[in-house]
Every structure is written in C-alpha cells, then in structure tokens.
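>>> Below are the sequence and a predicted model; questions follow.
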Amino acid sequence: MPQDYSTIPKCFLETIDNRLHQCAQMYRDAAGWQSITGKEMLRRIAGLAKAFSELGIHAGDRIALFAPNCPEWHIADLAIQGLGAVTVPIYFHESCDRLTYIVNDSGARIVFTKGEDQARRIDECRKGLPGVEHFICAGAPDDLREILRYEPLIAGAGDPEIARYRLDAPKVTPDQLATIIYTSGTTGEPKGVMLNHANLTSNALAVETEFDLLPSDLALSLLPLAHIYERTIDYSYIFRGLTIAYLEKMETVAEALLEVKPTIVAAVPRFYEKIYANIIEKGHRETGLKRQIFDAAIRIAQEAVPWRAYGKRASLGLRLRWFFADRVVYSKIRQGVGGRINRFSSGGAPLAPELAEFFWSVGLPVYQGYGLTETSPVVTFNSPKANKVGTVGRPLKGVEIRTAADGEILVKGSCVMQGYYRKPDQTREVFTPDGWFCTGDIGRIDEDGYLIITDRKKELLKTAGGKFVAPAPIENSLKTSPFISNAMVVGDKRKFVSVLIVPNLATLEAEARKTGHEFTPPGQILSDPWVRDLISCEVERLTASFAQYEKPKRFALIEKDFTYADGELTYTLKMKRRVIEQRYADVIARLYADVAEPHPQRI
C-alpha cells in the first residue's frame, strides 16, 4: 500500500513546478513581516541539503530539529527529507533532560536549531550529547563558537544545488521512514512514533482535497511544528501552494491575526476558548446602550444556532435580526481575528459543542477533526464538503474506524504509524491481533457515519460507587461560562466528583461593577461569598443535563490558570491531569474532608 502514495520531497517539487509561489513563507522580524518566494525557499532547501550531505548524512540518518515555528523549520525538514534522512522534531521549549533523551535515543547525528534561546539551550545540553557530530544554528549568537552557522551554508547555493536536490529526491520511496516524533506524555519515557512518507503524504493530500484549500489562502502557523497536527496541516498548505505565516511565539497570536489577516488557522480548543472569553469579556466591559446591544446580539446568536450551525430553516424575522446584529457586533468579532477567516480547524481535544455553535453563528466556521501522533494525525475530519457540528467528522480517504466493545476507537489505514522506535513490546500492545490500532479514546459513530469523541480511556474517572465519569464534556460545558476561564474535574475513587475552577477575574469584576457589588474583603475575589454563589449557579446551570453522578458536588476556585510554563499543560495546551492533581492535592483533599458524611453538602 505505501507505494500507492507519494513522498514529501516529490509533493513539494510538484508544487514548486506547477503553482506560482510569489510568497511561500512569511516571518516577522524587527522591521515587520517579510516574505520568501517559492523559488528562494527551494534554493535554501537545496543548499542546506548539500551541506547535510557534505557532513556525511545519508538516507536513514537522523537529524534533530529544535526550533520554533519559522521558515527555517520547513527548510531544514525538506532538506532532510530530500536526502531520505529522518527528521526528529523537538519542542522548542523542551527541557534539557527530555531533549537529551530524545536526541540520544533517536541516534541523531546533527542538531539543527534557530535563534539565540534554542542555541543556548543546546549549548547547555551538548555535554550530554556525545553522539551528535555537528550543531547547526540559524541566527546563532556571536559568542557561540563551536557551532556551524546556517547562513554561510546556504549562501552560495544556486542551480547546481537545486539540480542535485531534484536528482536525489526521486530516490526517496513512500515506505521510507520520514520522521520519529516523540510523544509528549505526562509520565514515563517518551515514545518515538515512526511515520513514513506514505503516512504523512496520504494524510496531508487527503486534508488538502477535503478542506478545499486554495493557493490564494494565507495560513497562520501557530501550533508547535514539532507536533504532528500543525506539521501535517502545514504540509497540506505547502503542497497546495498556500502562503504560510509563521508565528514564533503563541503570546503574539492576537497581534499576528490583525497584522497578517489569515484566511485559515489550525488550532486547539484552548485557542477558541480564549477567543470566546475575550469576546465576552469585552462585551461585559461595555455599559449602557452598547452593553444592551451586545447582550441582544449574543441572544440572537444563540437563537440562530439551528440555522447558522446546522442548516435548518430560519424565520424572516430571525434572519433580519441576525443581519442587524452581524452589522453592529459579529462583523467586529470577525475583524478582531483579522477579518478574513473563512476556515478555522480544531483538533487535539474535543471542542465544546456550545463553543463551536457560537463561532458558526457569528460567521466564523470551525471544522473539527480527530487524530493522534500515531495516525499522522488525522483520522476523521469535518470539511466544507461534509460537516456536522458537535462531531469530529468522517474518516479521511484511506482510513477505517470502528469501536471496540468498551467504546474504544480503533483505526486502520494508510495513516497508521510503523510502530514505536526501538520499543517492539509497546508497539504490540497498541495493536489488536487483526491489525487495528487502539487509540485509547472513547467514542461512538452516529447514524450518519460521523465520529463523536467522549474522552480519553485513561482519563475516565471511576467513582467509589463504580460509575465511570468522562471529565472532558463536563469541563467543556463549564468553560462556556463567561465567568469560568478553565476547569478540571477530579474525584477518581471518590464518593462524588468535584471540580477545580479558574475563574475569569475580568468578567467577574465587570459583573460586580454592573450590579454594584463591592468585594469583601477588598481585592479578595476568590473568597468573596458573592463570587462563590455566582460560580455555584453557573456550575448547576451548565451541568443540569448531566447524569446525577456526573454533576460536580463541590468546587474549589484556583487563582492562576494552568500553563505549560508551569508544567501543567502539554505544548498543545491539554491539561496534564496528574501534575495538576499533585500540585493541588491539599485543595482537593479539603473538598473531600468530610466525605464520610452520609449526605455531602451540595454546592
């Protein structure tokens, strides 16, 4: 089957030859946004490929790629792929210990990096990297001497190097190993997921086709390229001839959206949660007539959900009210994300249906998909051709899915990995005897063939009464409240479930001003009875539809949101539940201090 698919360098060269690339890559420097043409991108790739070859790199050799999202990331990756070598991506904020483990375990002979921060991190770790023969850095600081500089390596590249790249690229076969991606698991040693060219190109080309990508689109690359989600989506962009604008720091995403004005963005649920929270927060800061208009527009958006999100018929009156709200409110929301978005995509974790409905209702379509690193990653996908809000779509071309007796999702097809690097026992553990990959996710397939994800199998909580509780749907529902920034359900092996809540302080303060409430004591928001009553009402309102055993009986307010800088989130902003539970062990213990009581106090 792999021979039926293409390779990464072949797809790239076909794009360069058949699609005009006046602007293939964009990046921001001190002078503003700069651009790189497709022809110049190829020249740099060919020059770096020649440098790798002269340093002794051959097909099958591993090169570690440790850089933020930037043009050099793809230039290095495509240079590696053109030689038939193997890219080992490493998150640009990775700790020295994990970085050292990944480089040594993979047997990388070269580490390629970009920027002063990454160069100095590598310099700190290099004593623990005895197998690395060369370190190459783009934009290296002047005081680091024992390093090869990227700029001189590509400076003289021209037609001869391009011709050599074109000669070498067809020698790469679809079944050759393209990358080893080390999973960012919260416990244990990282596992290296082996993906070949057929895995990646089958996935990227299917996404390109199903998502109706156009060469005129401009994509913002903001999730870490070391993660398979952004990487494969970006391959789709490259193969279709889109312009990619690279965002080195997630903290600047709001600014970049306004400056670049992308038409397409791939992100994770936390991104959309934050956008929604910002919209509601700004609306709540308004007073008088402006606040009344904002509140009315939000009510109209909710009323328009069946029409805007699900394609149902709408009355003329609703349509007229929606068009008025669109002119005065929704259009400004769209301008806040650049004004040109025609497709958002969401993956990495389930997005709350209420959030998806909101974005569709204000004219910002969000298409959800589902996948894992082990599946390259996309398994199912919603697209303009087939979309059902509240699901993660139908299987991509070349992919089959089914559910096991316990609801676990099983996958087979062109996207499924070759196995875990140097871990045959762990590889066997994730495949059924008849070759289906076990995802570890729980879900169901609806009557129209769309997949609905419930939760991670390993994250299901089991109460002391034996009831299984999926935390994600509860958390997603709570995060639709304008007063709740984040939430994590706890209660495994406990009599009932509770929830840690990070309140949205800005909207709470705005609501207090609106109602004339003064915090007691001043400035101590979390301990204020008014705040606890308000959050309690929100929890009861938003969990009313859940089963009795799923409803949180108690909550604790957490002042500081979870971040990956504190080790509480993965680099794709998913919660590391064990880390958070350990960090707030005392808080959780207080929630259950009187658990022996026959009738635990409700919220």
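Done, it's in. Being a predicted model, the structure only gives us computed values, none of them experimental.
>>> got the buried residues for stretch 166-182?
166, 168-169, 172, 174-182 (16 or more other Cβ atoms under 10 Å). The C-beta positions use only the backbone N, C-alpha and C, and glycine is treated the same way.
>>> Keep only those of those residues that are in helices.
The members of these that map onto helices under DSSP state H are 166, 168.
>>> Save the buried residues of stretch 166-182 as a markdown table, and put in distance to Val411 and pLDDT too.
Formatted as a markdown table, the buried residues of stretch 166-182 follow (distance: Cβ to Cβ, whole Å; pLDDT from 0 to 100):
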| residue | distance to Val411 | pLDDT |
| --- | --- | --- |
| Arg166 | 35 | 98 |
| Asp168 | 33 | 96 |
| Ala169 | 30 | 96 |
| Val172 | 26 | 98 |
| Pro174 | 19 | 97 |
| Asp175 | 19 | 96 |
| Gln176 | 22 | 97 |
| Leu177 | 20 | 98 |
| Ala178 | 19 | 98 |
| Thr179 | 19 | 98 |
| Ile180 | 20 | 98 |
| Ile181 | 17 | 98 |
| Tyr182 | 20 | 96 |
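>>> ok, which pair from the buried residues of stretch 166-182 is furthest apart?
Arg166 and Tyr182 (31.6 Å; Cβ to Cβ).
>>> circling back to that earlier point, looking at the buried residues of stretch 166-182, which one is closest to Val305?
Ile181 (37.5 Å).
>>> looking at it, the closest one is touching Ile228, isn't it?
Yes - with contact defined as Cβ atoms under 8 Å, Ile181 counts as touching Ile228 (5.7 Å).
>>> Spell out which residues are contacts of both of those two.
By Cβ atoms under 8 Å, 6 or more residues apart in numbering, Ile181 and Ile228 have these common neighbours: 193, 195, 373.
>>> Quick one: distance of the lengthiest strand in the chain to the chain centre.
Ranked by number of residues, the top strand in the chain under DSSP state E is strand 437-445. Distance, stretch centre to chain centre, for strand 437-445: 19 Å (Cα atoms, centre = their mean, to the nearest Å).
>>> likewise stretch 323-337?
Distance, centroid of stretch 323-337 to centroid of chain: 26 Å (Cα atoms, centre = their mean).
>>> got a list of contacts for that stretch?
By Cβ under 8 Å, 6+ apart, stretch 323-337 touches 257-258, 275, 278-279, 293-294, 296-297, 300-301, 341, 362-364.
>>> Equivalent analysis for stretch 70-81, please.
Contacts for stretch 70-81 (Cβ under 8 Å, 6+ apart): 7-9, 12, 25, 27, 36, 41, 44-46, 48-49, 52, 57, 63, 65, 67, 86-87, 89, 112, 114-115, 138, 150, 172, 178, 197, 225, 234, 238, 244, 246, 248.
>>> Equivalent analysis for stretch 120-135, please.
55-56, 64, 66, 96, 99-100, 103-104, 107-111, 113, 137, 141, 144, 146-148.
>>> Asn199 versus Gly393, what's the distance?
19 Å (Cβ to Cβ, to the nearest Å).
>>> Show me the shaky parts of the stretch 1-150 of the chain.
For the stretch 1-150 of the chain, the stretches with pLDDT under 70 are 1-3, 20.
>>> Sketch out the strands for it, chain order is fine.
25-29, 32-36, 62-66, 86-90, 110-114, 134-138, 148-149 (DSSP state E, counting those that start in this stretch).
>>> Let me see the contact set for the residue nearest to Tyr584 when sequence neighbours are not counted.
The shortest distance from Tyr584 to any non-neighbouring residue, by Cβ to Cβ, 6 or more residues apart in numbering, is to Leu500 (6.1 Å). With contact set as Cβ under 8 Å, 6+ apart, Leu500 has these partners: 487-488, 490, 555-556, 558, 580, 584, 587-588.
>>> Go again with 6 Å.
488, 556, 558 (Cβ atoms under 6 Å, 6 or more residues apart in numbering).
>>> List phi and psi for the second one.
So the one you mean is Ala556. Backbone torsions of Ala556, given as degrees, to the nearest 10, read phi -130, psi 140.
>>> Now for it: which residues touch it?
500, 587, 591.
>>> Could you report the separation of Lys171 from Ala226?
Distance, Lys171 to Ala226, using Cβ to Cβ: 27 Å.
>>> if we can go back for a sec, let me see the mean pLDDT of the helix or strand where the residue nearest to Tyr584 lies.
Here Leu500 sits within strand 498-503, counting by DSSP states H and E. Strand 498-503 shows a mean pLDDT of 97.
>>> how far does it sit from the chain's center?
23 Å.
>>> Kindly report the same for stretch 305-316.
29 Å.
>>> repeat for stretch 454-471
With Cα atoms, centre = their mean, you get 24 Å for stretch 454-471.
>>> cool, stretch 199-216 as well?
Counting by Cα atoms, centre = their mean, stretch 199-216 comes out at 18 Å from the chain centroid.
>>> Repeat that for stretch 363-383.
10 Å.
>>> got the CA coordinates for it in PDB?
C-alpha atoms of stretch 363-383 as PDB (Å, rounded to 0.1, in the frame of the first residue of the first chain):
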ATOM      1  CA  GLY A 363     -19.700  33.800  10.900                       C
ATOM      2  CA  LEU A 364     -16.500  32.000  11.900                       C
ATOM      3  CA  PRO A 365     -16.800  28.400  10.800                       C
ATOM      4  CA  VAL A 366     -14.800  25.900  12.900                       C
ATOM      5  CA  TYR A 367     -14.300  22.500  11.400                       C
ATOM      6  CA  GLN A 368     -13.400  19.800  14.000                       C
ATOM      7  CA  GLY A 369     -11.200  16.800  13.400                       C
ATOM      8  CA  TYR A 370      -9.700  14.000  15.300                       C
ATOM      9  CA  GLY A 371      -6.400  12.200  15.300                       C
ATOM     10  CA  LEU A 372      -3.200  11.200  17.200                       C
ATOM     11  CA  THR A 373       0.500  11.400  16.600                       C
ATOM     12  CA  GLU A 374       0.300   7.600  15.800                       C
ATOM     13  CA  THR A 375      -2.100   8.300  13.000                       C
ATOM     14  CA  SER A 376      -0.200  11.100  11.200                       C
ATOM     15  CA  PRO A 377      -2.500  12.600  12.700                       C
ATOM     16  CA  VAL A 378      -5.900  13.000  11.000                       C
ATOM     17  CA  VAL A 379      -8.400  10.100  11.400                       C
ATOM     18  CA  THR A 380     -11.600  11.900  10.900                       C
ATOM     19  CA  PHE A 381     -12.400  15.400   9.700                       C
ATOM     20  CA  ASN A 382     -15.200  17.800   9.100                       C
ATOM     21  CA  SER A 383     -14.800  19.900   6.000                       C
END
